[in-house]
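J.: Here is my input; please provide its structure:
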Amino acid sequence: MGAAGVLEAFIIDRSVLGARQPDLVLTPDGGSIEGDLSGLRTLVVDPMGIDDVLDSMLTVGDALGLHREAARVVTGLKERLFSAQEGVNAFVSAGRLAVVVGVDPLVVAGGWVAQMIERAGGEHPLNPTSAAEGIGAGMLQSSRRAGPARVVTRREWEDEKIDRVIVSPQGATLEEACAAARRAGAWTGAREMLAVEGRRSFARPGPGLAETFEWLAKWLGRGVRPDEVAGVEVIEPGG
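T.: Below is the predicted model of the structure:
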């Protein structure tokens, strides 16, 4: 899926929304939904970091009159995130990794996805996080942010010597992600590659974030392959 395809995955027709009669429409910006939004209750939610994702869930809960329920869910997610990170050695790199969300052209994830990779022990050099302005050496992980997804060249890829790859085109089924991963496998030079469906794990900044981080931390930090994780398939080198 190209750069245009990444954007198209988030375009919804106004007539479809009208038929569904939603209580609340969540949108990352005013241009993500085609047609007139008058008559629909909307809320802009565009989290860039992990903490932003959790905060946005509280915002949505407030908007729906479900503050206590949202707070309970967020507390549980925070506990899972902290627990998963306890086994991560922050001083030993688990490899140079890229999360690919588009393959033609090549688009590498950023934002909260890059944060997850780094907190799970990996490096994400094609779209790394950096310390917020005024934060010393940047060791406080919550202060580190990455930019949005970006197009990268083959030359950039080769220069960074990426050795672990996750291919998760936005909106793709697992079968489509596997096909994309196998097409890319011939030139990535990666020693490990995963295909991940593009409709939840690295596409939706919501409750599924904790589950994704848990298997990421096990894979990167302890070498536990996510063979049994739904929506994930290990692609063998050259396969």
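
J.: Any figure for the gap between the spatially most central residue of the chain and residue 20?
T.: In the chain, the residue lying closest to the centroid (CA atoms, centre = their mean) is residue 202, at 3.0 Å. Per CB to CB, to the nearest Å, residue 202 is found 25 Å from residue 20. C-beta here means a position set from N, CA and C on the backbone, and glycine is covered the same way.

J.: just to revisit the earlier point, state the distance from the residue nearest to the centre of the chain to residue 98.
T.: Taken as CB to CB, the span from residue 202 to residue 98 is 12 Å.

J.: list residues touching both of the two?
T.: Common contact partners of residue 202 and residue 98 (CB atoms under 8 Å, 6 or more residues apart in numbering): residue 166.

J.: ok, now which ones touch residue 115?
T.: Neighbouring residues of residue 115 by CB under 8 Å, 6+ apart: 49, 50, 129, 141, 144, 145, 146.

J.: Please give me every residue in contact with the residue nearest to the centre of the chain.
T.: 99, 101, 109, 113, 166, 168, 196, 212.

J.: Skip the chain neighbours and tell me the closest residue to it.
T.: Once flanking residues are discounted, residue 202 sits nearest to residue 168: 4.6 Å by CB to CB, 6 or more residues apart in numbering.

J.: Let me know the average pLDDT across stretch 123-137.
T.: For stretch 123-137, mean pLDDT is 77.

J.: partner residues bridging residue 150?
T.: Under the criterion DSSP bridges, residue 150 forms beta bridges with residue 108.

J.: mind listing the strands in the chain by residue range?
T.: Taking DSSP state E as the criterion, the chain contains strands spanning 12-13, 25-27, 33-34, 42-44, 97-103, 106-108, 130-131, 144-145, 150-151, 164-167, 192-196, 232-235.

J.: Could I get those strands in CSV, plus columns for distance to residue 54 and mean neighbour count?
T.: Listed next are the strands of the chain as CSV, based on distance: least, CB to CB, whole Å; neighbours: other CB atoms under 10 Å:
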stretch, distance to residue 54, mean neighbour count
strand 12-13, 24, 13
strand 25-27, 15, 17
strand 33-34, 24, 16
strand 42-44, 16, 14
strand 97-103, 20, 26
strand 106-108, 24, 23
strand 130-131, 20, 14
strand 144-145, 15, 18
strand 150-151, 24, 14
strand 164-167, 22, 26
strand 192-196, 21, 24
strand 232-235, 23, 19
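
J.: Those strands: lowest mean pLDDT?
T.: Among the strands of the chain, strand 33-34 scores lowest, at a mean of 54.

J.: that older thread, between the strands of the chain, which gets nearest to residue 176?
T.: Closest of the strands of the chain to residue 176 is strand 192-196, at 8.8 Å (criterion: CB to CB).

J.: what packs against that closest one?
T.: Packing partners of strand 192-196 (3 or more CB pairs under 8 Å, 6 or more residues apart in numbering; DSSP states H and E): strand 164-167, helix 174-188, strand 232-235.

J.: quick one: furthest residue from the center of the chain?
T.: Farthest-from-centroid check, the chain (CA atoms, centre = their mean): residue 39, 31.4 Å.

J.: Contact partners for residue 120?
T.: With contact set as CB under 8 Å, 6+ apart, residue 120 has these partners: 84, 85, 88, 94, 213, 216, 217, 219, 220, 221.

J.: so which of the residues you listed would you say is closest to residue 15?
T.: Nearest to residue 15 among these is residue 213, at 36.4 Å by CB to CB.
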